[in-house]
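*Asks:* heads up, no residue letters with this:
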């Protein structure tokens, strides 16, 4: 089961994905590596179901440099 992860400072930023479980209508987000995302083994945190659909989400980037 793949769920969101706590990131250490040395791991860098990873994309956050938004999902909707079609079994229980729960909307949730999770942080995945690109490899995990491609495996498509995301489970709903509410019911544990695997019938999830990726939702459109806003993209944002955080940087430590000031312009």
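*Replies:* Good, I have the coordinates. Note that this is a predicted model, so its numbers are computed, not measured.
*Asks:* which helix or strand in the protein has the lowest average pLDDT?
*Replies:* Among the secondary structure pieces of the chain, namely its helices and strands, helix 34-39 has the lowest mean (mean pLDDT, DSSP states H and E), a mean of 84.
*Asks:* buried set for that helix?
*Replies:* When burial is assessed from 16 or more other C-beta atoms under 10 Å, helix 34-39 yields the following buried residues: 36, 37. Heads up, the C-betas are built off the backbone N, CA and C, glycines and all.
*Asks:* three-state assignment of residue 28?
*Replies:* In three-state terms, and counting by DSSP: H, G, I helix; E, B strand; the rest coil, residue 28 is strand.
*Asks:* can you pull the contacts of it?
*Replies:* Residues counted as contacts of residue 28 (C-beta atoms under 8 Å, 6 or more residues apart in numbering) are 18, 19, 21, 44, 45, 46.
*Asks:* next: residue 22.
*Replies:* If a contact means C-beta under 8 Å, 6+ apart, then residue 22 has 49, 51, 52, 53 as its contacts.
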